[in-house]
Each structure stands twice: as C-alpha cells, then as structure tokens.
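A.B. asks: Next comes the sequence, and after it the predicted model I'd like to discuss.
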Amino acid sequence: RNRVTIKGLQLNGIEVLQCQVSNSFHGKYYALWEKHRALRGQYDALVVGYSISRFMVIFAKLISRKPVIWNPLFSLYDSWVLDRKLVSKWHPKAWYYFFLDWIACVAADGILLDTNQNIGFFNHTFHIRKEKFERIFVGTDEDVFHPRERKEYGGTDFSVFFHGNFLPFHGVRYILEAAKILKKDGVRFTIIGSGQTYQDDLKFAEG
C-alpha cells in the first residue's frame with residue numbers, strides 16, 4: 001500500500017521525502033522526531049503510511065504544523081471486532097479499538113481509503129465528515145506484478161487461483177462453495193494461505 005502510494009505520487013511529479021526509522025518501539029518516536037526536525041518543514045503535507053498503529057497519526061499531528069494525511073486502509077474495530085469477532089462489541093478491548101480508530105480520524109486532516117463503501121463505514125461508525133476522505137484504489141507495484149507471456153499447460157480444465165488470508169472478510173468459504181458447485185463442470189480451484197478460518201474451511205472442503 002505504501003510503496004504503491006509513493007510511486008503514484010512520484011509518477012505524477014510529486015517529490016516525496018521519506019521520514020522513517022527501523023528502531024525498536026521505545027526509541028522510534030524520538031528517532032522519528034529527530035529525522036522530522038532535520039526536514040525543517042520543507043514539505044507541503046505529512047503522510048502517515050499504512051500500518052496498524054493509530055498513535056503515529058497523533059504523533060504526526062503533534063510534531064507537524066502541516067496537514068497530516070492518514071492512509072489506514074482498514075478499521076481495527078471493523079476488522080478485529082465486527083469481522084473476525086476476536087472480542088464481543090461490549091468487551092473493553094472493542095471500545096479501545098473503536099477509540100483508536102476514532103481519535104486517529106479526528107487527528108488527521110485527510111484520510112485515504114480504498115472504496116466508497118469503506119468511506120461510508122468510517123463516516124457512519126466514527127461520525128467523521130465525508131469531506132475528510134479521499135478514495136485511492138489499492139493498486140499494485142507494476143515492477144513486481146506485470147503481465148507475462150502466456151504459457152499453454154495443456155488440459156481442458158478451467159483453473160481458479162486464490163492466494164490470501166483465511167479470514168471472514170476474504171470469504172474463502174464462498175470460494176469453496178463455488179468450487180463444489182463447479183466441480184462437475186471441470187473447474188479446478190487452487191487456494192493458498194492460512195489464518196483464522198483455515199481449519200473450519202478445510203473441514204468444509206473435505207466434507
């Protein structure tokens with residue numbers, strides 16, 4: 001997500017100054033502050049790239065007088081509570097995840113999300129005005145993923161390939177249901193990944 005965003009800015013003639021460190025948790029904020037101070041405010045906006053950290057948005061707002069643009073991609077509360085159901089909606093951890101998402105939204109001057117539906121979720125759930133959001137599709141790094149010469153492998157089967165996490169949001173169960181329906185038509189499915197629903201999905205596939 002971050003690599004694609006940076007490359008997209010550069011391809012559109014925007015100079016990108018990177019301010020990042022690889023320090024441990026205890027030292028990274030001081031190291032980032034020092035790196036940011038060295039920039040002397042010679043930029044137009046500070047972009048907080050994709051990560052699960054929400055504190056970084058608040059930190060960015062504290063150290064910069066420029067607009068802070070946040071690129072969260074997804075909501076912790078939505079992913080960990082509503083989708084994966086790691087805790088119930090009434091658990092204190094759920095309130096904590098909700099607060100982290102909300103406070104980061106409040107701190108940011110602009111927020112980048114991948115779909116209009118995701119923007120609608122943030123707007124409705126955290127009561128953040130829609131004008132604060134901008135839709136940026138996920139995209140991909142074309143230096144890594146690009147069309148290759150097609151090879152004929154023989155056979156008549158139609159092949160479907162999925163590579164991802166076994167999470168409710170990714171819908172592997174629906175892929176498996178489709179595979180069972182299309183099996184008689186010679187459609188072959190290959191699924192690679194691991195995650196929360198793997199064992200249940202494996203039992204369903206073998207059933």
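C.D. replies: That came in fine, so what should we check first? Numbering: from 1, shown residues only.

A.B. asks: Can you verify residue 134 is assigned to a strand?
C.D. replies: Yes: assignment of residue 134 by DSSP: H, G, I helix; E, B strand; the rest coil places it within a strand.

A.B. asks: residues near the closest residue to it other than its chain neighbours, how many?
C.D. replies: Spatial nearest neighbour of residue 134, chain neighbours left out: residue 112 (5.5 Å); criterion: CB to CB, 6 or more residues apart in numbering. From N, CA and C alone the C-beta is placed, and that goes for glycine too. Using other CB atoms under 10 Å, residue 112 is surrounded by 21 other residues.

A.B. asks: List of residues touching the helix or strand where residue 112 lies?
C.D. replies: For residue 112, the host element (DSSP states H and E) is strand 110-113. Applying CB atoms under 8 Å, 6 or more residues apart in numbering, the contact partners of strand 110-113 are 5, 45, 67-73, 105, 119, 122, 128, 132-136.

A.B. asks: try 10 Å this time
C.D. replies: Residues outside strand 110-113 that contact it (CB atoms under 10 Å, 6 or more residues apart in numbering): 1, 5, 45, 47-50, 57, 67-75, 104-105, 118-123, 128, 131-136.

A.B. asks: Give me the three-state assignment for residue 124.
C.D. replies: Residue 124 - assigned by three-state DSSP - is helix.

A.B. asks: Give the burial count for residue 173, as a bare number.
C.D. replies: 15.

A.B. asks: ignore the last one, residue 41
C.D. replies: Counted with other CB under 10 Å, residue 41 comes out at 11.

A.B. asks: Ok, residue 79 next?
C.D. replies: 18.

A.B. asks: Which among the contacts of strand 110-113 count as buried?
C.D. replies: Buried members of these, counted by 16 or more other CB atoms under 10 Å: 1, 5, 47-50, 57, 68-75, 104-105, 118-119, 121-123, 128, 132-133, 136.
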